[in-house]
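Engineer: Kindly generate the corresponding structure for this input.
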Amino acid sequence: MNQEWNKNLHLNPEVIEQCQQIKPIDIMVGVLCKDVETTVLNVLNVINEGLYRYFADYKKAIVISEGGSTDKTAEVLELFQPYNSNKKIVTQDISTEGKGAGVMTILEIAHEVEAKSVVLMDGDLLSIKPGWIQTISNPIIYGRADLTVPYYIRDKNDGVITNNLVYPFTRALYGIDIRQPIAGEFALSKNLYEVLLEHPLFPPDFGVDIFIVTVAAAEGMKVKEGLYSLKIHESTTRYLEPEKFLIPMFRKVTGSMFELAKYYEDYWKSKHSVTHRAFYRECFSQKPIPVKIDINSLKTSFVEEYNSKKDHMRQVLNDDIMTDLEHVVNNHGSIDSDLWAEIVYNYAAAYKNTNESDKHNILDSLKTLWIGRFVSYAIETRDMDINEAETVLQKQAEVFEEKFNYLVSIY
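Structural biologist: Numbers count the residues shown, from 1 in each chain. Modelled structure (predicted):
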């Protein structure tokens, strides 16, 4: 990870002048835009309506950060006209690095306008409603949280990076049960975004979501779930081409997660143990949109990649784990929660002591094993409903917690 990418970046002087004219702001909504010509105008109109309807007596601004689109997004943004009570700033991302650069742009503007709260929204949302702005903002506005994270209603096979990796790892290390820590949308307090802006590990791309949640937890801030809803966004369709979108996202999210674990090592090593729940709550909300997966294709990919990378895996994993993996590959076995937790913890420990040039190989071989774990999970939950599958994921997170001392011992 390039930790110096943002060292000499500054907002455009014209943008700073706009900020001076509208400050201070109570509620600022930042919208991240790249190649969203078909969706962004609706997103902006809904945000505009939500601010007008629910926050009439507040000073409000909509900030749009455009990430170097190759379609007509920039032209569409010119069509957006907010209500007179809602101020508008449109700018380019502070750099061309990725989503993290867009978030940094918005937070730098928040700093300039002295925003008391910031909401982050993606410009490709299809399911956004005016009430979302109120629901996600209220805990910040009423001083009950520094960060609110949505709980989106998702299919058991959706959220593939979250379910089997980011959620259990984050819950075990930082003691926060935030079910979707890389949900994409957030509301932040001024206290939190000022800390983020000064943080040396602010990532330039997809790792920014887990960065926001982890920093909030490790810096002792209050994190809450909110905005319970279905989420439909255009970029989900790109998951059909995993090598182009999902795999790069895996590397960046996991790399950021492991970098933060190293940075906050003293914090999580000293935290108290977590008490397990006595029962599992049931969700009986709207039905999520089904996500179809090709288990056989994923299984073939896993076996082929494993056989080509197992020599590298042996440099990270002990003989017992490698013996278990050989059984999985050669005898149609399963990467169960216990084995998976030990794999992830060994990779986290190996990543800590790996030089920059070898980190890509570490993440690449873990990606292969993550595919194997997802295949095992998909087979186990194939005939389960959403609540039964969720119980599997909750128990997996408990295994990560139970093996927390194992991580401490090898880290």
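Engineer: care to break this structure down by domain?
Structural biologist: 13-238, 293-410 (automatic domain parsing).
Engineer: Pick the most buried one from those.
Structural biologist: Most buried of these by mean neighbour count (mean count of other CB atoms under 10 Å) is domain 13-238; its value is a mean of 20. Every C-beta, even on glycine, is put in place using the N, C-alpha and C of the backbone.
Engineer: So what's the gap between that one and the chain middle?
Structural biologist: Distance of domain 13-238 from its chain centroid, counting by CA atoms, centre = their mean, to the nearest Å, is 12 Å.
Engineer: quick one: average pLDDT of that domain?
Structural biologist: For domain 13-238, the mean pLDDT works out to 94.
Engineer: cool, stretch 399-411 as well?
Structural biologist: Per-residue pLDDT values over stretch 399-411 give a mean of 96.
Engineer: ok, back up a step: mind putting the domains of the chain in CSV, distance to Lys271 included?
Structural biologist: Converted to CSV, the domains of the chain look like this (distance: least, CB to CB, whole Å):
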stretch, distance to Lys271
domain 13-238, 6
domain 293-410, 9
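Engineer: Please identify which of the ones you listed is closest to Pro248.
Structural biologist: domain 13-238 (7.5 Å; CB to CB).
Engineer: which residues sit against the longest helix along the chain?
Structural biologist: When the chain is parsed with DSSP state H, its longest helix is helix 359-380. Under the contact criterion CB atoms under 8 Å, 6 or more residues apart in numbering, helix 359-380 has outside partners 1, 157, 160-161, 163-165, 247, 250-251, 254-255, 293, 295, 298-299, 301-302, 305-306, 309, 312-313, 316, 325, 328, 334-336, 340, 343-344, 347, 350-351, 354, 392-393.
Engineer: Just list what the helix or strand just after that helix packs against, helices and strands only.
Structural biologist: The helix or strand immediately downstream of helix 359-380 is helix 386-402, counting by DSSP states H and E. Packing partners of helix 386-402 (3 or more CB pairs under 8 Å, 6 or more residues apart in numbering; DSSP states H and E): helix 167-174, helix 337-352, helix 359-380.
Engineer: Can you report phi and psi for the closest residue to Gly159 other than its chain neighbours?
Structural biologist: Of all residues not flanking Gly159 in the chain, Gln180 sits nearest, at 6.5 Å (CB to CB, 6 or more residues apart in numbering). For Gln180, the backbone dihedrals (degrees, to the nearest 10) come out as phi -130, psi 70.
Engineer: picking that back up, rebuild the helices and strands packed on helix 386-402 as TSV, extending it with distance to Glu37.
Structural biologist: Shown next, in TSV, are the helices and strands packed on helix 386-402 (distance: least, CB to CB, whole Å):
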stretch	distance to Glu37
helix 167-174	33
helix 337-352	38
helix 359-380	31
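Engineer: Okay, strands next: where are they in this structure?
Structural biologist: 27-33, 60-66, 86-92, 117-122, 147-153, 186-189, 223-230 (DSSP state E).
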